[in-house]
Each structure stands twice: as structure tokens, then as C-alpha cells.
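# please find the sequence and the predicted model below.
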Amino acid sequence: MEEKNLYPTICPYCSLGCGFFLEIKEGKIAGLSYMPGHPVNEGSLCPKGNASTEVLTHPDRLLHPLLKTENGWKEIGWEEALSLAAAKMGSTLKEYGPDALAFLGSAKCSNEENYLFQKIARLLGTNNVDNCARLCHASTLTGLGKSLGAGAMTNPLSDLENSDCIFVVGSNFAENHPVISRWILRAKERGAFVIVADPRRTPSTWLSDLFLRLRPGTDVALLNGMMHVIVSEGLQDREFIRKRTLGFERLEKILSEYAPEAASAITGVPAGDIIKAAREYAKANAAAILYSMGITQHISGTDNVIACSDLALICGQVGKKGAGIFPLRGQNNVQGACDMGALSEYFPGYGKVGDKEAAARLKKIWAAEKLSEKPGLTTAKMSEAAHAGKLKALYLLGEDPVNSHPDSLNVRKALEKLDFLVVQDIFMTDTAEYADLILPAAAWAEKEGSFTSTERRVQWVSRAIAPPGEAKADLEILQGFAEKLGLGLEYRDAGEVLAEISRAAPMYGGITKERLLQAYGVSWPCPESGHPGTPIMHTERFNTPDGLARLIPVEYRLPAESPEPAYPFLLTTGRTGLHYNGGSMSRRSSFLLEKEPELFVEINPSDAQTMKIEEGNNIILETRRGSTQAKARLTERVSRGVFFMPFHFSGTNMLTGDALDREAGIPEFKVSACRVRRV
Ligand code: SF4
């Protein structure tokens, strides 16, 4: 009998990049075991990580390419499938031009796969390529990009244990990124003060010393209010501001309008608590800001991120141990998909589309004659273009927009308008039902490649088992598709693609497969071989042309929707600890589904009493976009007038709107005016 072999891997769910071992026996998954030496999770895993292998062996896995016919789905061979995909995309290109094509990449796929995917799009002449970061952290890219010159986490997660004050805003880390609680608890054991600002009372607020319950969408007013206190009490770091930033005078001018009482009137947070939070943050030797989609998913998402950065900068809390800004991403490769240029406005390594120098570099590496200089369509704009009949064909890699994009009824109609939709995934999804062609892909443990976690740690995953049926690694499928189109993207393996990435994206310059195999990955920027990587960024200079950070004044703006007589409540959406994104993976885990089986909505007991709703009642929620049914959960977690729903089940995003942040194009998932009735 063959012994069990251990294969190091990383979790396929959230962006922390927790490591563990897959136990393989006779070529099959036999379980998992922990990896105590891993620098992020030290062996621990949350329920999703522990249940992750269930996905690999699930009977719903797609096993063959499927073609939609009048009689339903028909199994076809790879040769026919790839020829058809290439022929349809090719004929669309010929008839309507390159911008009639679009490519939606995946933050669940590896760096190499996303790199190749966007390369195919760009070689075909379009920048219509995007990924789901547009829905979760595009505002981090634009906000921190403008402020610090790099839209990424500044310090490693484990460095939180060195913080004296941790300010968490718009993040329920204890449920959604649970493994980092260990670093926060260690900081607390050393005496750190933890502030949590959130419209909901969550397990993260239980860890806080001060809880600021703000109204949804009022983050800028809170942050400006805190900065007002800091500046009026002279608590700012004058030397840091003078030596390392530009723009303080302009920022100071707008802060005068955000006295604690004024900020309190907007946010609902008592003025005394705003003052206390400001003093604790500013007086700490090392203070960290942690944020997540509570900050980013607003029409003011970029402003929210900038305000977080302004706060850190005026207190000199960037570029040193225990300090910094920690945007907690969603999926396991959101950072990498963006680094690879699966974005409509950025090439690999964040060269801007339209920048001649960036295009020239890429043309040389790709031996391409021409690249489009026009920024492409973001995900939301792809939907609009499909409705307008301008977008004809879409290639979707490992995403389920019907469940994960806002205003999902509208998304369904957009998909119906397409002439051709190809979906590459591991499971049949609600989106794949609209496809003309489905390509069965390998899951993470069935292929090799690199993934970049939220702390910029690039880690290698090796193939541990073979994919089921005829499913293939995404890289192999994309290469086959490219070959049929005559693009000739020949690479021996993912390691060879990474070698090209190291030339195309300068911060990956010294990162190779061999190097990643040796340790627990490398943190970019790692510009050349022999460079140790950069766990803490901005220690000497910021990533701007003059090395200085920008302080940028931002004003509070109302969300796109406010309560009104027809829709008197506010709906906010988010994650739970037991599911993941649209749920296509986590809802196929019997372990997770048993504990969290259905869509629910949190309602404050006082609101419930007024509407005669009892615990467990089925209720209908309605917004201007649509309606959905959910089980009522009566809880003080939400305040009066505010409802919360997780987005892991079909139905939630029928309610959310597509009002966009004007710079980042991220939709305002967090605030929708709604009404409620009993079934
Ligand atoms: S915290 Fe995130 S990466 Fe770690 S085990 Fe849980 S889901 Fe996986």
C-alpha cells in the first residue's frame, strides 16, 4: 500500500494565502495536514480552509467541454471546443473589430493564467479585460496608487503583532479573514488598543476596545473628523509631513469643516468617541489601519481609501514596523490578477494603458507590432456595452457575474444579448447556464502556478493530483485557444510564463519558480535576482516620481441611495465566515453548507417588532432593481433602519445597485435603499 505524500499548497479561498499540506495517497486526496512553519497562519486554518479539499472531489465537477444545443448540453472533445471558441472570437473580431470582444479574468486563477489571459486580449487588439478586483478593491488600486504610488498592503500581516494601536474600519476580519485575529490578539496581549468602526456589531467588534458604530457610507466624515482632532490638538507628525509628503495645507483647510460634533452628526458616532479614537491612533508609537470592502465598495470608495491613507500619513504611520495600511483583499489572487494586468486600464506591473513608454516595453517583450492605446471596458461597462449591442463576445475565466455582480437581473439580460459566451470554470454556475460553450478547468491543487496574497507574498502551488475527467489546467486551455487563433503563445510550463512576467512586471523582476519553491514565497517588490523581497514598503521613499506621498483632501458625499418613503431602510451586504463570494465553491461543501444553509437577512428586533416579523420568518426584500426572499434573523448586530445580507447565495445581488465610484468603477454594494414585507 502506497504511503501518504504531503504536498505543500495554499488555501484557495481568501486572500491571506494560508499554507497547508495536501495528503495524497495513490494519486487521490486523502486529507490535509497543517503547516506550523507558515509565516501567515502558523498552521491554523479557518473552517473554509479546513473544508477546501471537498471542492476537489465534488460530484458536480465539470468533466468535459460542453456545447449548448437545442436539446441541451452536448459533450464535445477539446479539439472541437477550442476550434469553436477561436472561430467565434475570431469571426467577431473580423466583423466588428477588437472592442466587440471582452475577457473577464479570475482572482481565483494563478498569476500565469491571468497574465496569459490579458496577453491574449491585448494581442487581439483590445484592452477589454478586467477581473473581479473591480468589484472589491479597485478603489484600493486607485486610492493608494494616488496617495502612496502603489495600490497594495504596506506591511506583512504578522507585523500587526507589533502594533500599539490597530484601527479597523469597514472590515469584519474575525469572520472573513479569521486567521489574522491571531496577530491582533498578540498585539492586544502586549497592550495594543483596538478600534473597530463598522455599521454592524460583529465578532471583530468583540475584540475591540472602542467600537464606533457609524452609519453606512459615512466613512470619510469619520476619518476627516479624526484628522480634525489630530491636527487641532497638534498630534500630527510634523517632521514626517514635512520630509515625506506633499499637500498638507490643502488637507488642513478642508478638515476645519469636520469638527467632532459635525462628524458625529453625519456618522452617528458620539463626538467623544471620535476624539478618543483620534487620540489613541495618533499617540501610538506604531499604529496600523486595516480595512476591507466596507471602505472600498462605495461610490466614494477611492475617497474612503485616500482618507485612510491621509490619516496614516499625517501621523507618520507608514514605512515602519507595526504601522501601515492593510487592505484585506477578497479572493486568493486578487492582488496577483491585478499585478498581471487583468485590468482594463493597466498593463502587467501597472504600466498605464495609453502610456507610450509602458506600451513600448511590452511590445518589445511580446514582439507585438501594436497595442491598443484606448483603456478598455470595466466589468460594469462590459454589461452596458452588451446591452447596447456593442459587445458581442465574452470569454469568462472562473467567475460567476450573475451572482457576484450588482443588479444581477440586468447582468442576466446583458449575457442574453451576447452573440457568443464562453465560460471556463470548475463547476456549472448560474452564469455558465448562459454560455454557448463551457470549458472544464482544473482546480488549484490540480495544476501549478503562483498566487500573490493580500500582503504581496508570491507563493508557488505545485500540482498534487490530476484533474477529473477531461478537465485541463487553465494555462493549457488558454494556450490551446491562443494557438487556434494563431497567436502562438508557446510556453513549456507555468515557470516559463513566470520568467516572462518577471520581465513584464518590474516588481516581479527577481521572482522565479525555483526561488518560490524554496521557501514560503517572496514579497514584491523584488526587482532583481538576489533581492530579498520587500515585506515593508515605503521605508525610505514612496513609489511616486519624487518619492513623496500625496496628502489629498476628500469631502464626504452622500451615498447614491438614501432611505425615502418608498424604500425606508438601508440594505448593506457582506461576507460570513463560512462562505465565499458567490458561493460556487463553498456552497458545494457539505461541511460549510450544513452550518450556513441558506440566505438570511439580519434585522434589528425593534424594526422586526414594528413589522411583525419573527425570527425565522421568510421575508421579501425589495429595492428598485428587484426582490428576493430570505430568512429573518433578529439581532442587535445591525442598528435600527439597517439590514444586512450575505452575498454568497443567489438573490442578494438582485437587490444591489450599479452606481459606480467615478475613478475606480467599483459599484456601491454597501448601500441600497430597500423595503421589506412578510411572505
Ligand atoms: S483565513 Fe483565508 S486563506 Fe486562511 S484558511 Fe481561511 S479562507 Fe483560507
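Yep, it's here. Residues are numbered from 1 along each chain as shown.

# how about low-confidence regions in the stretch 301-450 of the chain?
Under the criterion of pLDDT under 70, none of the stretch 301-450 of the chain is flagged as low confidence.

# for the ligand, give me its nearest residue in it.
Proximity of the stretch 301-450 of the chain to the ligand (C-beta to the nearest ligand atom) peaks at Asn332, 6.5 Å away. Glycine gets a C-beta too; all of them are placed from N, C-alpha and C.

# neighbours of the residue in the stretch 351-500 of the chain that the ligand sits nearest to, how many?
With distances taken as C-beta to the nearest ligand atom, the stretch 351-500 of the chain approaches the ligand most closely at Ser453, which sits 8.0 Å away. A total of 28 residues lie near Ser453 under the criterion other C-beta atoms under 10 Å.

# measure it to Ala87 for me?
As for Ser453, its distance to Ala87 is 38 Å (criterion: C-beta to C-beta, to the nearest Å).

# same deal with Thr656?
Using C-beta to C-beta, one obtains 36 Å as the distance from Thr656 to Ala87.

# excluding its backbone neighbours, what's nearest the residue of the stretch 351-500 of the chain closest to the ligand?
Closest residue in space to Ser453, ignoring its immediate chain neighbours: Gly17 at 2.9 Å, by C-beta to C-beta, 6 or more residues apart in numbering.

# low-scoring stretches of the chain, by residue?
Confidence mapping of the chain against pLDDT under 70 gives the ranges 1-2.

# show me what contacts whatever residue of it ends up closest to the ligand?
Evaluated by C-beta to the nearest ligand atom, the chain has Gly49 as its residue closest to the ligand, separated by 2.4 Å. Taking C-beta atoms under 8 Å, 6 or more residues apart in numbering as the criterion, Gly49 is in contact with 11, 13, 18, 20, 41, 179.

# what about the last one, how many residues close to it?
So the one you mean is Val179. When neighbours are counted by other C-beta under 10 Å, Val179 registers 21.

# how about it: what's its closest non-neighbour residue?
The spatially closest residue to Val179, leaving aside those adjacent along the chain, is Asn41, at 4.7 Å (C-beta to C-beta, 6+ apart).

# is it true that the one you found touches Asn50?
No: in this structure, Asn41 sits apart from Asn50 without contact. The criterion is C-beta atoms under 8 Å, and the distance is 11.5 Å.

# higher neighbour count, the two?
More neighbours sit around Asn41 than around the other of Asn41 and Asn50, counting by other C-beta under 10 Å; the figures are 25 against 17.

# any chance of CSV for the contacts of Gly49, columns distance to Pro532 and secondary structure?
Rendered in CSV, the data for these read as follows (distance: C-beta to C-beta, whole Å; DSSP: H, G, I helix; E, B strand; the rest coil):
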residue, distance to Pro532, secondary structure
Cys11, 25, coil
Tyr13, 29, coil
Cys18, 22, coil
Phe20, 25, strand
Asn41, 22, coil
Val179, 24, helix
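
# out of the residues you listed, which comes closest to His58?
Within the contacts of Gly49, the smallest distance to His58 is 14.8 Å, found for Tyr13 (C-beta to C-beta).

# please give me every residue in contact with the residue found closest to that closest one once you drop the neighbours it is linked to in the chain.
Setting aside the residues directly before and after it, Tyr13 is nearest to Lys48 in space (C-beta to C-beta, 6+ apart), at 4.4 Å. Shown here is Lys48, whose contacts under the criterion C-beta under 8 Å, 6+ apart are 11, 13-14, 577-580, 586, 589, 592.

# let me see the backbone angles for Ala541.
One correction, residue 541 is Arg, not Ala. Per-residue torsions, Arg541: phi -150, psi 160 (degrees, to the nearest 10).

# hmm, back to that, from the contacts of Lys48, list the ones also adjacent to the ligand.
For the ligand, the contacts drawn from the contacts of Lys48 by C-beta under 6 Å from any ligand atom are 11, 13-14.

# just the helices from the stretch 251-400 of the chain, written as ranges.
In the stretch 251-400 of the chain, the helices defined using DSSP state H, counting those that start in this stretch lie at 260-267, 271-283, 293-296, 301-314, 334-339, 356-366, 379-387.

# got TSV for the ones you listed, with mean neighbour count and distance to the ligand too?
Listed next are the helices of the stretch 251-400 of the chain as TSV, based on neighbours: other C-beta atoms under 10 Å; distance: least, C-beta to the nearest ligand atom, whole Å:
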stretch	mean neighbour count	distance to the ligand
helix 260-267	20	30
helix 271-283	21	26
helix 293-296	29	15
helix 301-314	28	22
helix 334-339	30	12
helix 356-366	14	32
helix 379-387	21	23
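
# quickly list the domain ranges of this protein.
Under the assignment the TED database, the domains of the chain span 5-51, 66-135+332-523, 154-328, 569-678.

# now the end-to-end length of the first one.
Read it as domain 5-51. In terms of C-alpha to C-alpha, to the nearest Å, the two terminal residues of domain 5-51 are separated by 19 Å.

# off-centre distance for that domain?
In terms of C-alpha atoms, centre = their mean, to the nearest Å, the centre of domain 5-51 is found 21 Å from the chain centre.

# show me what contacts the nearest residue to Ala632 once chain neighbours are set aside?
Nearest in space to Ala632, with sequence neighbours left out and distances taken as C-beta to C-beta, 6+ apart, is Asn617 at 4.7 Å. Residues in contact with Asn617, defined by C-beta under 8 Å, 6+ apart, are 631-632, 678-679.
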